[in-house]
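> Coordinates for the following, if possible.
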Amino acid sequence: MTEPVTSFLLRLRNRHFLVIDLLVFLVTPTIAMELRTDGDATLGAYRTSLLITTIVFLSVKLAIFYLDGIYRLFWRYASIDELAEITKAGLVAGFVQSLVFFAILRPHGLVTSDFPRSVPVLECLLALPAVGAVRFSVRLAERIRQRACDHGNAKRVLVVGAGQSGVMIVKEMQSNAELGLYPVAFVDDNPEKHQVKIQGVSVLGNCRRIPELVRTADIHIVIIAMPAAPGKVIREIVDICEQVNVQTKIIPSIHELLDRKVSVKQLRDVQIDDLLRRKPVSTDVTRVRELIRGKRVLVTGAGGSIGSELCRQILRFEAAELVLLGHGENSIFAIHNELRSKLISERQLSTSAATNGSPIDGSDVASTKSPCRLETVIADIRSPERLRAIFEWYRPEIVFHAAAHKHVPLMELNPTEAITNNVLGTRNLLDISVAMSVEHFVMVSTDKAVNPTSIMGASKRLAELLVHQAAVMSGKPYLAVRFGNVLGSRGSVVLTFKQQIAAGGPVTVTHPEMRRYFMLIPEAVQLLLQAAALGRGGEVFMLDMGEPVKIVDLARDMIELSGLEIGRDVDIVFTGIRPGEKLYKNCL
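Now for the predicted structure:
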């Protein structure tokens, strides 16, 4: 019964709405007049005035609707934004037609003096809901069509988190049947959302109801849609899902998403990063953008884990020029290609929007919409002559110094490399930065510099002191920022554990009480940029790393997330503390 009506409504286009509006606007003044006069026979006395009023009101509304772009909107996926647009246009039209009625029609005798003055307002109150109802009937028809789709072969989904991210995921699943996902219900720990419907999907309680709902509603996939949730919360949800052996997917953290919108394409399996999330720290993006926009920025160690993420985020903040400096050509080549591809992609999008998709030559990165120019430099920071030539050529205004030797056991065996690279290399950079009047200098340091017991930690503490001295001498905001362990960095314990698990074990842990602080790379770099914007000179910023994590617990979580069992599939072996290592690390 509803299928013919639904099909008819879905075929309506803006040219059809124009005709419908014309018909509506022709009859609403008469209806308004009937309501005002209670259908008295005296309506005929106002025939001429009513005709003039109808023509004027119709002309005003059609003109305003056209100028406001109402006839360029797509109504099949209409939302609150389209509702706001049509309401705004209707109210503006009502105001203008009332102004014309009282300022022109009545004073010039185009309508009789006793013509009801409330007609312009009544007509607006009738016309606005009518045109809105016609348009949103198309949205309703699309929703009916979506619900009528065969979900027999679709995987039934339970969404954890009825916030903005969860709603966006549900909308995408509902509007795209090809995904093969059917949202059955939400769960959310906010009691105010319980027993309500969002996008037609019910919120059926809190996370403790997951096992029950998985059984009773035949759930195939649980999607954790809480990008801002800390690792403790994610861990609890994953544990609950593991009890009922249901597949679990997750939306990346807010720091991984950055400016991107939440999408089903970003769903992935739960990773160890998710279990170690901290509660996101609010950063002053505006202040960071003001620091970087239009500046020439140089990043040392640009091919490393921290350096490459720095480059990605600096690109977002519209630097004029970004110089990627590193000692390893392969890593610099990789990050340069990644950033270059991103710039080309942005140019293609902007060009497509402006010229209907005209082709471009991707070789000219400098001519992209983004003003940032990418430069690559292969150099050793231990060479002052090479650094001087680089600084004189590129004239950087901001320097982020991420180049360093960082592996504690290796530096214990190679102390000369630690000193020459971490200390003398930093001194060379500072000397040339002061000489060339670099405005900001930010060094990436480490929590191992706190009461150092290793060569690596001592070398970074010396580098911090050099930064402080340069800040005093120059009077400029030169500062250091201490990191703890960052997940996913090269040679990190997480990557080591992944390799050991893939090889069938054993997973090696130095000591059962070994604890470390962990942070996600995007989050750490965001806070690094925030420190750069806040620093006045000579400070050593220590990022809030949250609570320390036992390395053995990290190993257990990674084994379990891999679907394996400790002792049966993979063993954990303790190997003893290595030279220069501490059991615990202090933040300050």
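
> Helices of the stretch 401-550 of the chain, start to end?
Listed in chain order, the helices of the stretch 401-550 of the chain (DSSP state H, counting those that start in this stretch) span 408-413, 415-418, 425-435, 455-474, 493-502, 521-534.

> Lowest average pLDDT across those helices?
With a mean of 79, helix 493-502 has the lowest mean pLDDT of the helices of the stretch 401-550 of the chain.

> Check which helices and strands that helix sits against.
Helix 493-502 makes packing contacts with strand 507-509, helix 551-561 when contacts are defined by 3 or more C-beta pairs under 8 Å, 6 or more residues apart in numbering; DSSP states H and E. C-beta here means a position set from N, CA and C on the backbone, and glycine is covered the same way.

> could I get those as CSV with mean neighbour count?
Shown next, in CSV, are these (neighbours: other C-beta atoms under 10 Å):
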stretch, mean neighbour count
strand 507-509, 20
helix 551-561, 20
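
> picking up where we left off before, looking at the helices of the stretch 401-550 of the chain, which is closest to H16?
Within the helices of the stretch 401-550 of the chain, the stretch nearest H16 is helix 521-534; the backing value is 47.5 Å (C-beta to C-beta).

> Mind giving me the packing neighbours of the closest one?
Short answer (3+ C-beta pairs under 8 Å, 6+ apart): helix 521-534 packs on helix 254-257, helix 285-292, helix 305-316, strand 398-401, strand 440-446, strand 478-483, strand 485-487.

> Show me what counts as buried in that helix.
521-533 (16 or more other C-beta atoms under 10 Å).

> same question, stretch 469-484
Result for stretch 469-484 [16+ other C-beta under 10 Å]: buried residues 470-471, 474, 476-484.

> Can you tell me which one of the residues you listed sits lowest on pLDDT?
Lowest pLDDT among the buried residues of stretch 469-484: G484, 73.

> still on that earlier bit, would you list the helices and strands packed on helix 493-502 in TSV and tack on distance to S345?
Output for the helices and strands packed on helix 493-502, formatted as TSV (distance: least, C-beta to C-beta, whole Å):
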stretch	distance to S345
strand 507-509	39
helix 551-561	32
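
> Out of those, flag the one nearest R427.
Short answer: helix 551-561, nearest of the helices and strands packed on helix 493-502 by C-beta to C-beta, at 33.9 Å.

> can you map out the strands along the stretch 201-350 of the chain?
Assigned by DSSP state E, counting those that start in this stretch, the stretch 201-350 of the chain shows strands spanning 201-203, 221-224, 247-250, 268-269, 296-300, 321-326.

> Averaged pLDDT, the shortest one. What do you get?
This points to strand 268-269. 72.

> Who are the packing partners of it?
strand 247-250.

> hmm, who's touching the strand it packs on?
Contacts to strand 247-250, defined as C-beta atoms under 8 Å, 6 or more residues apart in numbering, come from residues 220-224, 234, 237-238, 241-242, 267-271, 274.

> Quick check: phi and psi on the nearest residue to T300 once chain neighbours are set aside?
Spatially, and ignoring its direct neighbours in sequence, T300 is nearest to A403 (3.9 Å; C-beta to C-beta, 6 or more residues apart in numbering). A403 adopts backbone torsions of phi -80, psi 130, taken as degrees, to the nearest 10.

> hmm, back to that, which pair of the buried residues of stretch 469-484 spans the longest distance?
Across those, the longest distance by C-beta to C-beta is 28.7 Å; it joins S474 and G484.

> got the contact list for the closest residue to R382 other than its chain neighbours?
Once flanking residues are discounted, R382 sits nearest to G425: 5.0 Å by C-beta to C-beta, 6+ apart. G425 is in contact with 380-382, 403-404, counting by C-beta under 8 Å, 6+ apart.

> just checking, what packs against the lengthiest helix in the chain?
Secondary structure of the chain per DSSP state H: the longest helix is helix 119-148. On a contact count with 3+ C-beta pairs under 8 Å, 6+ apart, helix 119-148 meets helix 2-10, helix 14-37, helix 47-67, helix 80-100.

> Reformat those helices as TSV; add distance to P191 and mean pLDDT.
Listed next are these as TSV, based on distance: least, C-beta to C-beta, whole Å; pLDDT from 0 to 100:
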stretch	distance to P191	mean pLDDT
helix 2-10	36	65
helix 14-37	42	86
helix 47-67	43	90
helix 80-100	25	88
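
> so can I have TSV of these showing mean neighbour count and distance to A141?
As requested, the helices and strands packed on helix 119-148 are exported to TSV (neighbours: other C-beta atoms under 10 Å; distance: least, C-beta to C-beta, whole Å):
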stretch	mean neighbour count	distance to A141
helix 2-10	13	4
helix 14-37	17	13
helix 47-67	18	22
helix 80-100	16	15
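
> thinking again about what came up before, save the helices and strands packed on helix 521-534 as TSV, and put in distance to E513 too.
Listed next are the helices and strands packed on helix 521-534 as TSV, based on distance: least, C-beta to C-beta, whole Å:
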stretch	distance to E513
helix 254-257	29
helix 285-292	38
helix 305-316	27
strand 398-401	34
strand 440-446	21
strand 478-483	22
strand 485-487	16
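
> Mean pLDDT lowest where, among these?
Sorting the helices and strands packed on helix 521-534 by mean pLDDT places helix 254-257 lowest, at a mean of 63.

> residues contacting S474?
434, 537.

> And it, how close does it get to T54?
Between S474 and T54 the computed distance is 76 Å (C-beta to C-beta, to the nearest Å).

> Next: A379.
In this view, A379 and T54 are 78 Å apart by C-beta to C-beta.

> Could you do G538 as well?
Separation of G538 from T54 (C-beta to C-beta): 76 Å.

> any idea which of the strands of the stretch 201-350 of the chain scores lowest on pLDDT?
Averaging pLDDT over each of the strands of the stretch 201-350 of the chain puts strand 268-269 lowest, since it has a mean of 72.

> give me phi/psi at the closest residue to G180 other than its chain neighbours?
Using C-beta to C-beta, 6+ apart and skipping the chain neighbours, the partner closest in space to G180 is A154 (5.1 Å). Backbone geometry at A154, expressed as degrees, to the nearest 10, gives phi -80, psi 150.

> Contacts only, for A154.
For A154, the contact set (C-beta under 8 Å, 6+ apart) comprises 177, 180-182.

> which of those residues count as buried?
181-182.

> between the contacts of A154, which is nearest E439?
Of all these, the one with the least separation from E439 (C-beta to C-beta) is L181, at 50.0 Å.

> correct me, but V134 touches F17?
Yes - between V134 and F17 a contact is recorded at 6.8 Å, counting by C-beta atoms under 8 Å.

> Show me the domain layout of the protein.
Recorded structural domains for the chain (assignment: automatic domain parsing) are 2-147, 155-275, 285-485+517-546.

> Could I get those domains in JSON lines, plus columns for distance to H511?
Shown next, in JSON lines, are those (distance: least, C-beta to C-beta, whole Å):
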{"stretch": "domain 2-147", "distance to H511": "55"}
{"stretch": "domain 155-275", "distance to H511": "20"}
{"stretch": "domain 285-485+517-546", "distance to H511": "14"}
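
> between those, which gets nearest to I501?
domain 155-275 (10.8 Å).

> what's near enough to touch G180?
153-155.

> Same question for P107.
Applying C-beta under 8 Å, 6+ apart, no residues qualify as near P107.

> cool, and T28?
T28 makes contact with 57, 123, 126-127, 130 under the criterion C-beta under 8 Å, 6+ apart.

> measure E565 to L324 for me?
To L324, E565 is 44 Å away according to C-beta to C-beta.

> more neighbours, the two?
Between E565 and L324, counted using other C-beta atoms under 10 Å, L324 has the larger neighbour count: 26 against 10.

> G301 is in contact with the more buried one, correct?
No - applying C-beta under 8 Å as the test, L324 and G301 come out as separate, 9.6 Å apart.

> which regions of the stretch 251-400 of the chain lie under the pLDDT threshold?
In the predicted model, the stretch 251-400 of the chain carries pLDDT under 70 at residues 254-266, 273, 276-283, 348-371.

> redo that, cut-off 80
The model of the stretch 251-400 of the chain has pLDDT under 80 over residues 252-284, 345-371.

> Many thanks, have a good one.
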